[in-house]
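[1] here is the input, now give the coordinates:
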Amino acid sequence: MEIILKEDIANLGHKNDIVKVKNGYGRNFLIPKGFATLATGPAKKMHAETMKQRAHKEEKLKETALEMVKKIEKISLKLGAKTSTTGKIFGSVNTIQIAEALKEKGFEIDRKNISIKEEHIKEVGTYTANVKLYKDIKVEISFEVFSE
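    A predicted model of the protein is given here:
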């Protein structure tokens, strides 16, 4: 079954992509939840016309994301956390704190587009995270967790 995605779906595709899925997945989950529509003949024609019109906007968004990559690579983040005397963090550092630190530096990035390589950050140190800026444009940033 071919469907047109209405929004980004992890491990499937991006918004406005035409993808093939199993009938049950499309009919019972994606279409009823509003994540996709059935890719019929008229729907494909309308999709093609929409994509022509959006091509220019997409190019601008891509250029903006590439410029942002250059700016983000230059910054260094420092996150403060309450720790014990041995350096263990009370709680853990998560993507919300990284998103707030980026916001303070002037980058408005949704926390859902940030992924930390380590599962749980429980100690003081330097770590890395991946930031998704656009469909296939990602940047790796390093951040330091220090004791407050």
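
[2] residue contacts, the closest residue to G87 other than its chain neighbours?
    Excluding the flanking residues, the one nearest G87 by CB to CB, 6 or more residues apart in numbering is V124, at 4.7 Å. C-beta coordinates here come from the backbone N, C-alpha and C atoms, glycine included. If you count contacts by CB atoms under 8 Å, 6 or more residues apart in numbering, V124 has them with A81, T83, G87, I89, V145, F146, S147.

[3] quick check: buried residues in stretch 12-21?
    Neighbour counts over stretch 12-21 (16 or more other CB atoms under 10 Å) mark G13, I18, V19, V21 as buried.

[4] can you tell me which two in those residues are farthest apart?
    Greatest spacing in the buried residues of stretch 12-21, by CB to CB: I18 and V21 (10.6 Å).

[5] identify the contacts common to these two.
    Contacts common to I18 and V21, judged by CB under 8 Å, 6+ apart, are I3.

[6] ranges for the helices of this structure?
    23-25, 31-33, 41-74, 95-104 (DSSP state H).

[7] show me the domain layout of this protein.
    2-62, 69-147 (automatic domain parsing).

[8] and the shortest one, end to end?
    So that's domain 2-62. One end of domain 2-62 to the other measures 27 Å (CA to CA, to the nearest Å).
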